[in-house]
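Enquirer: below are the sequence and a predicted model; questions follow.
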Number of protein chains: 2
Amino acid sequence: MARYEVLSEDAMATIERGWRRLLQDIGIAFHHPEALRLFREAGQIVEGDVVRLDPDFVLELVAGAPSAFSLRARNPERSFPVGGDVMNFIPVQGPPFVREGDVRREGTLDDFCRFAKLAQVYDDFDTAGNLPCEPNDIPIDSRHLDMQLALLTLTDKPYGGAQVSLDGALDSLAMAGMVFGGAESIAREPVLYSIINVNSPLLYDGRMLDAMLAYAAAGQPVVVTPFLLMGAMSPVSIPAALVQQTAEALAGVALTQLVRPGTPVILGSFLSHTDMQSGSPGFGGPESAIGLFCSGQIARRLDLPWRSGGGALTSSQLPDAQAAYEGLNTMLPAFLAGANFVMHTAGWLESGLVSSFEKFVVDLEIVRTLREEFTPLEVDEASLAYGAHQEVGHGGHFLGAEHTLERFRDCFYRPLLSSTENFERWKRNGGSDAAERATAVWQAALARYEQPPMEPALREELEAYVVRRRAELGD
Amino acid sequence: MARYEVLSEDAMATIERGWRRLLQDIGIAFHHPEALRLFREAGQIVEGDVVRLDPDFVLELVAGAPSAFSLRARNPERSFPVGGDVMNFIPVQGPPFVREGDVRREGTLDDFCRFAKLAQVYDDFDTAGNLPCEPNDIPIDSRHLDMQLALLTLTDKPYGGAQVSLDGALDSLAMAGMVFGGAESIAREPVLYSIINVNSPLLYDGRMLDAMLAYAAAGQPVVVTPFLLMGAMSPVSIPAALVQQTAEALAGVALTQLVRPGTPVILGSFLSHTDMQSGSPGFGGPESAIGLFCSGQIARRLDLPWRSGGGALTSSQLPDAQAAYEGLNTMLPAFLAGANFVMHTAGWLESGLVSSFEKFVVDLEIVRTLREEFTPLEVDEASLAYGAHQEVGHGGHFLGAEHTLERFRDCFYRPLLSSTENFERWKRNGGSDAAERATAVWQAALARYEQPPMEPALREELEAYVVRRRAELGD
């Protein structure tokens, strides 16, 4: 479908001047000696831990990253391309809390596994990601091992690697190697992605860089994501935030290409605002939608796959009307902007503090609706259904027309959650709102879940690795 | 802002061939001798009550209707233009029932008046319309008199005339004449609009035509609206529905121009689908969004102001997540499609059976958000806030930056309803969902309402007319 673009050529040029100036005159701080060494050896100006970058040199490196690539799944039917006209959907990632019906509590490994299973059951998701919620009930230093094992055994889709430490990255890569034929094989055909957040403004911290350098060296796709809440991590102006976002992301992409030329990357964005009255983050507002339109346009100009922040983002505390309009007002702009890698597609609640099972269903309905909505419309003679008009004539009814009877099963989108019941019938059926009805939907989906097969020997090898490494990590 | 267009030139040509064929070969039925006489005298083929229309003749008449016009208000500051790049917003119209919090009941004149007052209080609405809900507690034959009196005295914005009978139209015009200086004055500068629904497929009934002919003769804008639920009033194919919609609307527009050349019209659309499982109407789905994109494109080609069906349409029984995502998924496409006259902007619930006070607030938040979202972004050197980056540097915080402090009050959209409170604070403040919070918002708005002034003599004249006509109508 057509992209929705709002930046004129003049505006694009102004933004480009802006990020060039940031890279060159203010530079980006990298809290990592190896990163600094790589930039210094490539002729960039390093002062303390700040690198002042030549924008043309950065663009040259960026041009070496592929404009599209594939992620390989252990079930070959689940492999998928990233970039171009393709959209990938990833459920909510990262929240420490979980909401299930009326209960809000800390996330557990069981919650983690149930969200992973839902992402496996629904074909709408390309991957379960790496962290559908934080499993707070297991030891922290070895937690990444349990999560990687769960993702590899509960799903057969591509997945995300642990992202906040060197141990996490190296263990993720080692386990991927066991499943996918070793380091060289995964470097040739990547199998897992990692999310690397910038510590905006203009700073990459050491732990993130540890992980980024490890994944880039292994040839696994890195999603370089400036995390910008305007008013906190960036100025309170959309163009300023776009300039900062582009400068930060391009600097990180350039670093991946210094580590390993041609390593796949995804240009990340996560741009919203700070509610200046509460001081809290706000989502689904006009600013983030405009940011999405512009970010997509900039990413296409740079010819890189693009990750949109959301997804169905919201500040709402419940899966209510606010959650739905804020979520849709991030998701629909992501479609219009041509996002490739859509994070937080389903389940995000409470500014990302909560993974919600019911919101997961609400958002799934939204993304399914939009996928139909942005499928090109076929207009030809047959689609005009002239025969139906000849049959029905003036003031008649099309329900019984031959054209309708031939098509009634699949002529329209069939909702998962939405109700069109009349009031009396709806009342008789319990009079539930959409959030209440959503519970039955995800519970039925979980009941349909089947674990994908895995060679017992491979499973034992993975489990043995987890046991050994857990002990080494002291948990 | 840019329009979002999805039809290729080929597709537009196929659709045009389609509506030309419908007009010419199947024709439109008009249950009205005067309408048939006008078409016959203009050389069209009339067989029984079906008129087979020459499409070029229709287009010639359509070209005589203005591409933009103004509606005059009794408070000159409330007058507004219709057409071109302007969007007008009208709250929900027509429901027989009202939902107020947890109570759903028949609408009353008091409800009607409260909705009219809300439309007066909020500058977001250009008019209260003609029927924000049905006042079921007053006699039916003279009901239109009370409604017109309420609209003329409780608001000072343009408004809609009674639409379903000749008496309604003539009384509306008579009362408008008292307020606006007589029939000639309102013909010169129109003051009220009317909604004329087609009895789709391909039929205009006598009562609607009575009203349409009266309003057109008086030079008041007519919104000619095919009301299409695919599967019921039209085939189950979007292109077929677009062809039918265009044929029906153009035939009606042509008739207005035969009655009074140059009379202002709005090309109407109301296109959604039938849920083939429940047999009930469905709203906010992908089909209606695609229909909106296409309808806007067709209306621009015809160079007429365009009415979009919604607005914030939904089948939901409650102002819940479904109501919000379906509503936004009609409203956002209406913005993208460049709708001029946006009906049912706020308060529509339960497939149009219910006017909801709480949904009114939810939708108002949506439309305010979208108005910001579709305001062109200014990108210039100042907007890049380079000084803020110089001030904050690497890893800092922008909350205290000079650039932020100068702008924090109005740098972002300020929500009416949405909450960004953290969980503990939200919980302390009652832990309410958006629908529950909405009650306080509309109640506070009603408390702010002030009746606009009116000359006592004029008010007495209007009231005397209502009393006299009520008696004549036997109520």
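Expert: Thanks, I have the structure now. Because the structure is a prediction, the values reported are computed rather than measured.
Enquirer: what's the neighbour count on the residue nearest to residue A:204 when sequence neighbours are not counted?
Expert: In space, and not counting its chain neighbours, residue A:204 is closest to residue A:30: 5.0 Å by CB to CB, 6 or more residues apart in numbering or on different chains. Where C-beta positions appear, they are placed from N, C-alpha and C, glycine not excepted. Other residues within reach of residue A:30, judged by other CB atoms under 10 Å in any protein chain shown, total 26.
Enquirer: what residues does the stretch 51-200 of chain A put near chain B?
Expert: With CB under 8 Å from any CB of the partner chain as the criterion, the stretch 51-200 of chain A meets chain B at residues A:104, A:199.
Enquirer: show me where the stretch 51-200 of chain A has strands.
Expert: Under the criterion DSSP state E, counting those that start in this stretch, the stretch 51-200 of chain A contains strands at A:68-71, A:80-83, A:88-89, A:97-100, A:103-106, A:159-160, A:192-198.
Enquirer: how close does residue A:194 get to residue A:175?
Expert: 14 Å (CB to CB, to the nearest Å).
Enquirer: higher neighbour count, those two?
Expert: Between residue A:194 and residue A:175, counting by other CB under 10 Å, residue A:194 is the more crowded of the two (27 against 24).
Enquirer: quick one: is the lengthiest strand in chain A near chain B?
Expert: Longest strand of chain A, by residue count under DSSP state E: strand A:222-230. Yes. Against chain B, strand A:222-230 shows contacts by CB under 8 Å from any CB at residue A:230.
Enquirer: how far out from the middle of the chain is that strand?
Expert: 12 Å (CA atoms, centre = their mean, to the nearest Å).
Enquirer: what mean pLDDT does the helix or strand just after that strand get?
Expert: Sequence-wise, the next helix or strand downstream of strand A:222-230 (DSSP states H and E) is helix A:238-259. The average pLDDT for helix A:238-259 rounds to 98.
Enquirer: and what of stretch A:147-161?
Expert: 98.
Enquirer: okay, now residue A:111: neighbour count?
Expert: Counted with other CB under 10 Å, residues neighbouring residue A:111 total 23.
Enquirer: and it, how close does it get to residue A:351?
Expert: The spacing between residue A:111 and residue A:351, counted by CB to CB, is 18 Å.
Enquirer: do the same with residue A:413
Expert: On the measure of CB to CB, residue A:413 and residue A:351 end up 30 Å apart.
Enquirer: and what of residue A:9?
Expert: Distance, residue A:9 to residue A:351, by CB to CB: 36 Å.
Enquirer: mind checking which of these two has more residues around it?
Expert: residue A:351 (22 against 7).
Enquirer: tell me the contacts of the more buried one?
Expert: Neighbouring residues of residue A:351 by CB atoms under 8 Å, 6 or more residues apart in numbering or on different chains: A:280, A:281, A:283, A:314, A:315, B:420.
Enquirer: now residue A:242
Expert: Per CB under 8 Å, 6+ apart, neighbours of residue A:242: A:15, A:18, A:271, A:291, A:294, A:295, A:298.
Enquirer: got it, and residue A:273?
Expert: With contact set as CB under 8 Å, 6+ apart, residue A:273 has these partners: A:229, A:230, A:231, A:236, A:281, A:282, A:285, A:287, A:288, B:412.
Enquirer: and residue A:335, by the same measure?
Expert: A:1, A:87, A:370, A:373, A:374.
Enquirer: going by distance to chain B, which of these wins?
Expert: residue A:373 (3.8 Å; CB to the nearest CB).
Enquirer: phi, psi of residue A:161?
Expert: Reported as degrees, to the nearest 10, the phi and psi values for residue A:161 are phi -90, psi 160.
Enquirer: can you give me the strands in the stretch 351-475 of chain A?
Expert: Counting by DSSP E, counting those that start in this stretch, the strands of the stretch 351-475 of chain A are A:354-356.
Enquirer: low-confidence ranges in it?
Expert: The stretch 351-475 of chain A contains no residues with pLDDT under 70.
Enquirer: helices along that one, start to end?
Expert: A:357-373, A:386-392, A:402-407, A:423-428, A:434-448, A:456-472 (DSSP state H, counting those that start in this stretch).
Enquirer: in the second one, what's buried?
Expert: Spelled out, that is helix A:386-392. In terms of neighbour count (16 or more other CB atoms under 10 Å in any protein chain shown), helix A:386-392 has its buried residues at A:386, A:388, A:389, A:391, A:392.
Enquirer: which of those residues come close to chain B?
Expert: Intersecting these with the contacts of chain B gives A:386, A:388, A:389, A:392 (criterion: CB under 8 Å from any CB).
Enquirer: take the strands of the stretch 51-200 of chain A and write them to TSV, including distance to residue B:150.
Expert: TSV is the format used below for these (distance: least, CB to CB, whole Å):
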stretch	distance to residue B:150
strand A:68-71	61
strand A:80-83	58
strand A:88-89	49
strand A:97-100	45
strand A:103-106	46
strand A:159-160	59
strand A:192-198	56
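Enquirer: which stretch among these comes nearest residue A:451?
Expert: Shortest distance between residue A:451 and the strands of the stretch 51-200 of chain A, using CB to CB, is found for strand A:159-160: 15.0 Å.
Enquirer: so how far is that closest one from its chain's centroid?
Expert: 11 Å.
Enquirer: just stretch A:171-184 next, same as before
Expert: Distance, centroid of stretch A:171-184 to centroid of chain: 23 Å (CA atoms, centre = their mean).
Enquirer: show the average pLDDT along it.
Expert: On average, stretch A:171-184 scores 98.
Enquirer: and of the contacts of residue A:273, the nearest to residue A:443?
Expert: Each of those was scored against residue A:443 by CB to CB, and residue A:281 proved nearest at 30.7 Å.
Enquirer: what is the neighbour count of the closest one?
Expert: Residue A:281 has 19 neighbouring residues, counting by other CB under 10 Å.
Enquirer: check contacts around it.
Expert: Residue A:281 sits next to A:229, A:232, A:272, A:273, A:274, A:275, A:315, A:351, A:352, B:420 when contact means CB under 8 Å, 6+ apart.
Enquirer: residue A:290: what's it in contact with?
Expert: Contacts of residue A:290 by CB under 8 Å, 6+ apart are A:6, A:238, B:373, B:377.
Enquirer: what pLDDT does it get?
Expert: Looking at residue A:290, its pLDDT is 98.
Enquirer: in which helix or strand does it reside?
Expert: Judged by DSSP H and E, residue A:290 forms part of helix A:286-302.
Enquirer: done for today, thanks.
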